[in-house]
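1. Predicted model follows, preceded by the sequence.
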Amino acid sequence: MKKMATGNQAAALAVKEADVELVAAYPITPQTEVVETIASLVEMNKMKASYIRVESEHSAMAACIGASASGARAFTATSSHGLLYMHEMIHWAAGARLPIVMANINRAVGPAWNIWAEHTDSLSQRDTGWLQNYAATVQEVYDTVLMSFKLAEKVYLPAMVCLDGFILSHAIQPLDVTAPGDFLPPIDMPHALDTKNPMSYGNLTGPNDYFKFRRAMQDAMKKADREARSIEKEFAERFGRKYAPVMEYKTSGADTVIVGMGTLAREAEVAVDSLRKDGLKVGSIRVRQFRPFPKLDLEGKKVIVIDRDCSFGAGGILAQEIRFHNDVPICNIIAGIGGQDISHDTIAKLVRKAKPQGEFWLGVDV
Amino acid sequence: MVDDIPEKEYLYKGNTACAGCSAMLALRYILKAAGPNTIIVNPACCSTVCQGSYPKSAYGVPVLNIAFAAAAAAADGIASARRNKGKNVIVFAGDGGTVDIGIQALSGAIERDANILYVCYDNEAYSNTGMQKSGSTPYGAITTTTPTGRQDSKKDIDLIIMAHRPRYMASASAAYPKDLYAKVKKALSIEGTKFIHVQCPCPSGWRYSTEKSVELGKLAVKCGMWFLYEYENGRLTLNAPTKAALKRPAPLEDYVKPQGRFKGVNLERLHKEVDEGMSRIRDLADIETLEKAKEAAQ
Amino acid sequence: MIEIRFHSRGGQGGVTASKLLAQAAFLEGKYGTAFPLYGAERRGAPVTSFTRISDREIKISSQVYNPDIVVVLDDSIMDLVDVTVGLKDGGLLLVNTHHDEKLKDPKFKKFRVARVNVTDIALAEGLVLSGNPILNTPILGALAKLGVVKLDSAVKAIEDMFSDDRNVKAAKAAYKKVVV
């Protein structure tokens, strides 16, 4: 069934279709519509979940951890400072190997207070053991939430679905509200709290054993990379929409490639079309799956990475991550910070003037 | 007292509040009472936005904008630094940042007798983020996360604060600005932690016509849904408008009907809550009488 | 692809207007998208929102810089903001106003100017919320008359969102009353 929906509504509708048992969330702009939609659905009896209006984000994740630890499918949504306030518990959720799914509406971090799109919030959580995906359309938000539940429940790692604040969260686009059917089977968690099989979880663990748990998380990440491929394949077969860890556009025969995440990377495709019209062999890569980080095909290409974030003292985070797998010079453009608008015209201009290497901030250096 | 209120404004025109915002009315009088030797600590709330956007600010005293949960702790930090001795350190926080996410820091600050005045301006919802329910949202109120009306009761933050035994505590209203002015003046003359809880009717959240803020604020007190009092040295003193309301409360309907947020509310249940609240405040205020009676009996 | 920019004040439903237009386009089988600029609207403050309509998928999510159409829901905004900035030559400027004084400015000569008084239309239908007349549903009727979407799609989009049939009545009235 097709209808127009915002990115936030798409997340809420996917949660409804996924038959989530527990939602615990705290309001923060620009996430509020996710929780308001869920509150409405629950109060109108269109959704069976329990919805806890917690008093802070730290408690939101704690409540999700509680529910998930007992084997219930749990969900929360947040943004920016809310995500950061949860940080301790984000580590906890991954360490506890709980398949919680969270929508993070990407928003800049204060001070100064800024409510607009930026990726620093979720990227700053990249070390926690959470799976991370970045959506660029309303449909993709919906589909990725569903696929994330399936993946999280396969490898027992929590999953974050990221969408650009206002640009995607508040934009309406056509959405096919596909019912997942048995694509999402009931949750099966061997380590759920069970009165019939009493176990203690998270006990004090010494130096001779702790590392084994951490290694298991790393192994789970590697497994997630493989499992995600079969989930994407199954999704495409059942629902007709194809997803991959990276979405390439006109990269074949390209000598220059633009790399980015989220809506700006989709808009970059429009820039690619106009540059190609002028005879420039440019392509673009939209990184969808950030954790585990995929290897990109950059062989022999000039690489322009647009980072909607910054790791102070080290530059763009996407650029750093790319260097993990690929030893290439990168022209790292820091743009879109705090919601700075990046149009396809701007992207095309940046590509034309791009130096082979270095860090350049839009509005300062370029 | 009317003649004492200074004319100088510390809240400037061009502040970006909603039309009819009574929180700005409250701030205006708070700043008049505090004067220029003041530092405001402002967690995420409507007041954050009312200051206006970079590069201008509508507040005429230094303001530290701070993370949502951290106001009381940040304020204690300012107040405890010896260079700030003698300055008024005032937190201006919404109900969400006080009653919910900010309660831990506030509890700690009072326990340490931090030398701060904590003002909670209460519009009974998370207004800044679009009117979601907070711990201060009254029974029956429609918010975006309680679309059919809140089914349970609000948290009584005043009783929680009283249990901490702060140096001075008051309940005030933006609709009674002279009373608020006097309370702020009094609080600032005391060392240690002071807490003032100010009800601020919000036309955007409570869904009424923007010119009715003061009228509704007065009705809240007159019908017993909000009280004006002071708490000091273990004693609760009711202010005149509340004494009058307890004797002869105005009809609850007069307060509730003009507000879209109370559409469809179970008035009987709300009445019961209000009656219980009035009975509770009577008991608390009568503690002095009880003690006197005890003394007399001995 | 056509791009539309809406100017309104917070509380007037400008953002909803942009969404209704996208919805109407969607109902015609087109690809429509709409979003607010910045999104944190305060009652009374100037607000901008955008709609894009195309026969093909729209990959652009940045702001509209060169609209084909500009809709002004509150003519007092024209004293604060240059509502025609970026508007293409020959583009459509639709203003909610009760007189054409504001539209006589010579700089508007290069645009196709239309006006309609949706405030009065809304008040006449009793279409008021919290003291404010509802302007977004009637303006959709005006846009339909100007050929942006079909009247049927506009009506269906309104019905999908609002149950009060006065909205459709107001839209149809605006459809009749809009003047170029």
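-> Great, that's in hand. Residues are numbered from 1 along each chain as shown, chains lettered A, B, ... in the order given.

2. Show me the longest helix that occurs in chain C.
-> Assignment by DSSP state H gives helix C:14-27 as the longest helix of chain C.

3. Mean confidence (pLDDT) on that one, please.
-> Mean per-residue pLDDT for helix C:14-27: 95.

4. Packing partners of the following helix or strand past it?
-> The first helix or strand that comes after helix C:14-27 along the chain, using DSSP states H and E, is strand C:31-36. Of the remaining helices and strands, those touching strand C:31-36 by 3 or more C-beta pairs under 8 Å, 6 or more residues apart in numbering or on different chains; DSSP states H and E are strand A:172-176, helix C:14-27, strand C:46-54. All C-beta spots, glycine's among them, are computed from the backbone N, C-alpha and C.

5. who's in contact with whichever residue of the stretch 251-366 of chain A sits closest to chain B?
-> Across the stretch 251-366 of chain A, the shortest distance to chain B (C-beta to the nearest C-beta) belongs to A:G338, at 10.7 Å. Residues near A:G338 by C-beta atoms under 8 Å, 6 or more residues apart in numbering or on different chains: A:108, A:114, A:116, A:118.

6. Tell me the span between the first and last residue of stretch B:62-69.
-> Distance across stretch B:62-69, first residue to last, is 20 Å (C-alpha to C-alpha, to the nearest Å).

7. you'd agree C:F111 is up against C:L92?
-> Yes: the pair C:F111 and C:L92 passes the contact test of C-beta atoms under 8 Å, sitting 6.9 Å apart.

8. how about the longest helix of chain C against chain A, any contact?
-> Yes: using C-beta under 8 Å from any C-beta of the partner chain, helix C:14-27 reaches chain A at C:19, C:22-23, C:26.

9. Now do that helix and strand C:31-36, the angle between them.
-> Helix C:14-27 and strand C:31-36 are oriented at 170 degrees to each other (axes from the mean of the first three to the mean of the last three C-alpha atoms, to 10 degrees).

10. do helix C:14-27 and chain B meet at all?
-> No: shown here: helix C:14-27 not in contact with chain B (C-beta under 8 Å from any C-beta), separated by at least 12.5 Å.

11. who does that helix touch, helix- and strand-wise?
-> In terms of contacts (3+ C-beta pairs under 8 Å, 6+ apart), helix C:14-27 is packed against strand A:2-6, strand A:172-176, strand C:2-9, strand C:31-36, strand C:46-54, helix C:136-145, helix C:151-161.

12. So what's the gap between it and the chain middle?
-> 9 Å (C-alpha atoms, centre = their mean, to the nearest Å).

13. where does chain C dip in pLDDT?
-> Chain C contains residues with pLDDT under 70 at C:39-43, C:130.

14. higher neighbour count, C:F111 and C:L92?
-> Neighbours around C:F111 and C:L92, counted as other C-beta atoms under 10 Å in any protein chain shown, are more numerous at C:L92. The numbers are 22 against 18.

15. quick one: the more buried one and C:V71, what's the gap?
-> Taking C-beta to C-beta, to the nearest Å as the measure, C:L92 falls 9 Å from C:V71.

16. ok, now A:L146?
-> For A:L146, the distance to C:V71 equals 37 Å [C-beta to C-beta].

17. who's more crowded, those two?
-> C:V71 (31 against 23).

18. Skip ahead from the strand or helix carrying that one and say which helix or strand is next.
-> Using DSSP H and E, C:V71 sits within strand C:69-72. Next helix or strand after strand C:69-72 toward the C-terminus (DSSP H and E): strand C:92-96.

19. what helices or strands is that next one leaning on?
-> On a contact count with 3+ C-beta pairs under 8 Å, 6+ apart, strand C:92-96 meets strand C:69-72, strand C:112-116, helix C:136-145.

20. Tell me which of the ones you listed is the most buried.
-> Compared across these, helix C:136-145 shows the largest average neighbour count, a mean of 29 (mean count of other C-beta atoms under 10 Å in any protein chain shown).

21. what about that helix, distance to the chain center?
-> Centroid separation for helix C:136-145 versus its chain: 7 Å, with C-alpha atoms, centre = their mean.

22. Three-state assignment for the residue in the stretch 151-300 of chain A positioned nearest to chain B, please.
-> At 11.7 Å from chain B, A:H170 is the closest residue in the stretch 151-300 of chain A, using C-beta to the nearest C-beta. At A:H170, secondary structure determined by DSSP: H, G, I helix; E, B strand; the rest coil is coil.

23. returning to that earlier point: if we compare the helices and strands packed on strand C:92-96, which one ends up closest to B:K178?
-> helix C:136-145 (42.1 Å; C-beta to C-beta).

24. Just want the angle from the closest one to strand C:112-116.
-> Angle of helix C:136-145 versus strand C:112-116, following the same axes, to 10 degrees, is 140 degrees.

25. what residues does the stretch 251-366 of chain A put near chain C?
-> Within the stretch 251-366 of chain A, the positions adjacent to chain C are A:263, A:266-267, A:269-270, A:339, A:341-344, A:346 by C-beta under 8 Å from any C-beta.

26. and the residue of the stretch 151-300 of chain A closest to chain B, how many residues sit next to it?
-> By other C-beta under 10 Å, 24 other residues sit near A:H170.

27. Thanks a lot, see you next time.
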